[in-house]
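Visitor: dropping the sequence and predicted coords here.
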Amino acid sequence: DPLTPIALPPQVPAKEGLATLPGTRLSYWDTQGPGQAIVLLHPATGSARVWSYQQPAFARAGYRVIAYSRRGYGGSDPVPNQNPGTAADDLHALMDFLGVKKFHLAGSAAGGGIAVDYALSHPERLSSLVIACAVGGVEDKDYATRIESLRPKGFDEMPAIFRELSPAYRAANSEGTAAWAALERAAITGNRIGQKPANSVTWARLAGLKVPTLVIGGDADLYVPPPLLRTYAGHIPGAELAVVPEAGHSLYWERPDLFNRALLDFFAKHRSQG
């Protein structure tokens, strides 16, 4: 039953640290071990702390699981006014710091756009790519206009729990809603504005993407409803598409059972490429 709350699972042991990288320091956690790495990119309403449902599930499936907080989030250094860098370059530097040569990359919402940007810069480092509930940074006017038309004036000022959690989840799980909201309130710890993408993300660029890709989202997502998910997936050669019922923009949190299963099935298919 999608309306049955899922308890937060106990986490597996993970190393936590502050990685000193060119121009910044980023807070991260890493379950370590010999398994192939999965790197998780948080949404704009979160930090490295939001992956409570994914960390133990992915680690117990044999993977090394890594998440970090981007600049301005979760205790990482803020974005400086001068030389703000790019989120994709920060990710690349962190992987070099951790000694990770090849990995599965999964990003939710704003994290999904950064995952796409990274895939365009460094496809050789990725075993697979998951774009979850993400507008995806595409600049083509037709797509940008469609996205914009979905959001009425004042949408961005509405409470995050309204914009990002489905009504089904909020109705069924007041405790989970409160826990999500607490993580959202604590996420931003410094200036997070000012970084630009490393690439110009266009349909033409995505048509040349050769990384195995899964596009996944919820059917009640106010940002990226199923028709836009289908449009996005349709522009990436061979991309798989999954739409999860009774779920909104925070799919990783609302339906972790279905989200985790979809990602683990997808990663397993592309393990040999690591």
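Guide: That came through, no problem.
Visitor: CA atoms for contacts and neighbours, from now on please.
Guide: OK.
Visitor: can you classify the closest residue to V50 other than its chain neighbours by secondary structure?
Guide: Leaving aside its sequence neighbours, V50 sits nearest to L183 (C-alpha to C-alpha, 6 or more residues apart in numbering; 6.8 Å). The three-state label given to L183 by DSSP: H, G, I helix; E, B strand; the rest coil is helix.
Visitor: which residues touch L183?
Guide: 46-47, 49-50 (C-alpha atoms under 8 Å, 6 or more residues apart in numbering).
Visitor: G112 belongs to a helix, doesn't it?
Guide: Yes. Counting by three-state DSSP, G112 is part of a helix.
Visitor: quick check, it in contact with V138.
Guide: No. G112 is beyond contact range of V138, at 11.4 Å (criterion: C-alpha atoms under 8 Å).
Visitor: of the two, give the one with the bigger neighbour count.
Guide: Between G112 and V138, counted using other C-alpha atoms under 10 Å, G112 has the larger neighbour count: 27 against 20.
Visitor: what ranges does the stretch 151-274 of the chain have for its helices?
Guide: Counting by DSSP state H, counting those that start in this stretch, residue ranges of the helices within the stretch 151-274 of the chain are 160-164, 167-172, 174-187, 203-206, 226-234, 251-254, 256-269.
Visitor: just the ones you listed: most buried one?
Guide: Most buried of the helices of the stretch 151-274 of the chain, by mean neighbour count (mean count of other C-alpha atoms under 10 Å): helix 251-254, with a mean of 26.
Visitor: could you give the average pLDDT over that one?
Guide: Average pLDDT, helix 251-254: 98.
Visitor: helices or strands up against it?
Guide: Under the contact definition 3 or more C-alpha pairs under 8 Å, 6 or more residues apart in numbering; DSSP states H and E, helix 251-254 sits against helix 256-269.
Visitor: so what touches the helix it packs on?
Guide: For helix 256-269, the surrounding residues in contact (C-alpha under 8 Å, 6+ apart) are 53-54, 57-58, 61, 104, 128, 130, 214, 242, 244, 251-252.
Visitor: then it to CSV, C-alphas only?
Guide: Taking Å, rounded to 0.1, in the frame of the first residue of the first chain, the C-alpha atoms of helix 256-269 are listed here in CSV:
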residue,chain,number,x,y,z
PRO,A,256,12.0,4.7,-1.3
ASP,A,257,10.9,1.1,-1.8
LEU,A,258,10.1,1.6,-5.5
PHE,A,259,12.8,4.2,-6.0
ASN,A,260,15.6,2.0,-4.6
ARG,A,261,14.4,-1.1,-6.4
ALA,A,262,14.4,0.8,-9.8
LEU,A,263,17.9,2.1,-9.2
LEU,A,264,19.3,-1.1,-8.0
ASP,A,265,17.9,-3.0,-11.0
PHE,A,266,19.3,-0.4,-13.3
PHE,A,267,22.8,-0.3,-11.7
ALA,A,268,22.9,-4.2,-11.8
LYS,A,269,22.4,-4.1,-15.5
